[in-house]
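Q: Everything below, folded, please.
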Amino acid sequence: MNATLPTAEALRAALAGLLDGLPPRQAAQAVERLIANYRGATPTDAPVLRDRSDVAAYAAYRMPATFEAVRAALEALADTVPAWVPGSHVDVGGGTGAAVWAAEAVWPEEVRTDAARADGPGDADGPGETGAAGAGSGREGGRTTTVLDWAEPALALGRELAAASGARAVRAADWRRTRIGTALKLPESDLVTVSYVLKELTERDRAVLVEETARAAQAVVIVEPGTPDGYLRIIEARDRLIAAGLRIAAPCPHGGACPIERGTDWCHFAARVSRSSLHRQVKGGSLPYEDEKFSYVAAVRFGTPPLPGRTDDAARADRARVVRKPQIRKGQVLLDLCTEDDGLRRETVTKRHGPLYRAARDTEWGDTWPPPHTTGPVADPATGPSGGPSTGPAAGSEA
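A: Numbers count the residues shown, from 1 in each chain. Purely as a prediction, here's the structure:
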């Protein structure tokens, strides 16, 4: 058991021995078939992972990237509601459990323990330290985790990998074989995650699943591939979550319509994935890293407070999300933002903005802007919101 390793390293260590005894050619063939399915356009209502070799190849091919994408989405949620710590987690279509490991990376056991000691659940208008609106099912015994999937080989391997974790919430997860369809009924939970699942479902099953997550959860996080089709599925899910009464926490700084004109661009982000030698062998390629492109939405049933250090209403209105990779030029940084009031816009931050300029140089694609504990740019009617030239609306994201 990797009791002393951080979550990401523990997962990599657990994956390292996964293909022992599996002929490289067999693993490669399974990977090729899974890639074809992953990129295909036809939904399926049958398990994609058929046996142990399929699952081992899947885990080596996809699990590190899925882990990093889900972790990035969960971190965005945690940044928006920093006082909230989920006491229970249901992962729908979780397969080998990447989202379980990601949740542990964002809310590790020591954070949950400190939160439970500090305070109890909040009221219906705001999150408590553990759980929300009275839901704190993990307070005494750690976070309770349930993984639902229709592929028993994936669940079996998930249990095997989880046994190598030093985190109690990962090791003690309940892995249940469940049909993901219109008859699905989820247990009530603080957090429900659905990652890389909607593509595998029919349109009707997708609609029912999203509505069921909204009914059962205090917070819902849905992740899809960062493709035009994946973005459209996220927008569809976002609309259903809003209709069900949830509030958008991330990535959007607002609950209105997405300002991106459909068919012209799509909103997505990137997570850097470290690739082990085993990972490079299975997937091919020589670089020690890759960027996983993903789209996501995080929505909550409770209120979303202002960011730390920005407590007044004006600061709340200034909240924005960086939707492209920042362009760093001599003496200036160009930020393409999705904003609450102005839709898409480009903001230019120059050296004369002092601390804000230094913060802009450290800002990454997907971050909130301005960062907590900084002062936003002062609008100038002649030059645009940042004091630099206003260049018009930003594109939705980097392709």
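Q: how near is Val208 to Ala243?
A: The spacing between Val208 and Ala243, counted by Cβ to Cβ, to the nearest Å, is 14 Å. For the C-beta atoms, the positions are set from N, CA and C on the backbone; glycine is no exception.
Q: Next: Arg62.
A: In this structure, Arg62 and Ala243 are separated by 31 Å, where distance is defined by Cβ to Cβ.
Q: So between these two, which is more surrounded?
A: Neighbour tally, Arg62 and Ala243, criterion other Cβ atoms under 10 Å: the higher count belongs to Arg62, 20 against 11.
Q: is it fair to say the more buried one lies in a strand?
A: No. Applying DSSP: H, G, I helix; E, B strand; the rest coil, one finds Arg62 to be helix, outside a strand.
Q: What confidence value was assigned to it?
A: The predicted structure scores Arg62 at 83 on the pLDDT scale.
Q: Now do the strands in the stretch 251-399 of the chain.
A: Ranges of strands within the stretch 251-399 of the chain are 269-274, 289-300, 320-322, 327-329, 332-339, 344-350, 368-369, based on DSSP state E, counting those that start in this stretch.
Q: Show residues contacting the third one.
A: Okay, so that is strand 320-322. Outside of strand 320-322, the residues within contact range by Cβ atoms under 8 Å, 6 or more residues apart in numbering are 250-253, 335-340, 347, 363-370.
Q: Run the chain-centre distance for that strand.
A: On the basis of Cα atoms, centre = their mean, to the nearest Å, strand 320-322 is displaced by 16 Å from the centre of the chain it belongs to.
Q: Sheet partners, orientation included, of it?
A: Using DSSP bridges, the strands paired with strand 320-322 are strand 332-339 (antiparallel), strand 368-369 (antiparallel).
Q: Same question for the first one.
A: Applying DSSP bridges, strand 269-274 is found paired with strand 289-300 (antiparallel).
Q: who's in contact with the most centrally placed residue in the chain?
A: Of all residues in the chain, the one closest to the mean position by Cα atoms, centre = their mean is Ala73, 2.1 Å from it. Contact partners of Ala73, counting by Cβ under 8 Å, 6+ apart, are Val221, Val223, Ala250, Phe294, Tyr296, Ala298.
Q: Excluding chain neighbours, what is closest to it?
A: Tyr296 (4.1 Å; Cβ to Cβ, 6 or more residues apart in numbering).
Q: got the contact list for the one you found?
A: Residues in contact with Tyr296, defined by Cβ under 8 Å, 6+ apart, are Ala69, Ala72, Ala73, Ala76, Val221, Ile222, Val223, Glu224, Ile234, Ala250, Pro251, Phe269.
Q: Pairing-wise in the sheet, spell out the partners of it.
A: Val223.
Q: can you tell me how far it sits from Thr348?
A: As it turns out, when the distance is counted by Cβ to Cβ, Tyr296 lies 27 Å from Thr348.
Q: With Val106 instead?
A: When distance is defined by Cβ to Cβ, Val106 is 32 Å away from Thr348.
Q: so how far is stretch 222-238 off the chain centroid?
A: Relative to its parent chain, stretch 222-238 has a centroid offset of 12 Å by Cα atoms, centre = their mean.
Q: Can you list the buried residues in that stretch?
A: Of the residues in stretch 222-238, those scored as buried under the neighbour-count criterion (16 or more other Cβ atoms under 10 Å) are 222-227, 230-231, 233-238.
Q: Of the residues you listed, just say which sits nearest to Leu161.
A: Distances from these to Leu161 were compared by Cβ to Cβ; the smallest belongs to Val223, at 19.2 Å.
Q: where exactly do the strands run in the stretch 101-250 of the chain?
A: With DSSP E, counting those that start in this stretch, the ranges of strands along the stretch 101-250 of the chain come out as 144-149, 174-177, 189-195, 217-225, 247-250.
Q: mean confidence for the second one?
A: Average pLDDT, strand 174-177: 97.
Q: For Val90, find the nearest of the strands paired with strand 320-322.
A: Smallest distance to Val90 across those (Cβ to Cβ): 26.8 Å, for strand 368-369.
Q: Identify the residues contacting that closest one?
A: Judged by Cβ under 8 Å, 6+ apart, the contacts made with strand 368-369 from elsewhere in the structure are 79-80, 253, 307, 319-322, 335, 337, 347, 360, 363.
Q: about what we covered before: make JSON lines out of the strands paired with strand 320-322 and add distance to Val100, mean pLDDT and mean neighbour count.
A: As requested, the strands paired with strand 320-322 are arranged in JSON lines below (distance: least, Cβ to Cβ, whole Å; pLDDT from 0 to 100; neighbours: other Cβ atoms under 10 Å):
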{"stretch": "strand 332-339", "distance to Val100": "30", "mean pLDDT": "95", "mean neighbour count": "23"}
{"stretch": "strand 368-369", "distance to Val100": "26", "mean pLDDT": "93", "mean neighbour count": "23"}
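Q: I'd like the ones you listed as a markdown table, with distance to Ala257 appended.
A: Shown next, in a markdown table, are the strands paired with strand 320-322 (distance: least, Cβ to Cβ, whole Å):
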| stretch | distance to Ala257 |
| --- | --- |
| strand 332-339 | 12 |
| strand 368-369 | 20 |
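Q: follow-up on the earlier one: for the strands of the stretch 101-250 of the chain, give me JSON lines that also has distance to Arg52.
A: Putting the strands of the stretch 101-250 of the chain into JSON lines (distance: least, Cβ to Cβ, whole Å) gives the following:
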{"stretch": "strand 144-149", "distance to Arg52": "15"}
{"stretch": "strand 174-177", "distance to Arg52": "15"}
{"stretch": "strand 189-195", "distance to Arg52": "22"}
{"stretch": "strand 217-225", "distance to Arg52": "25"}
{"stretch": "strand 247-250", "distance to Arg52": "36"}
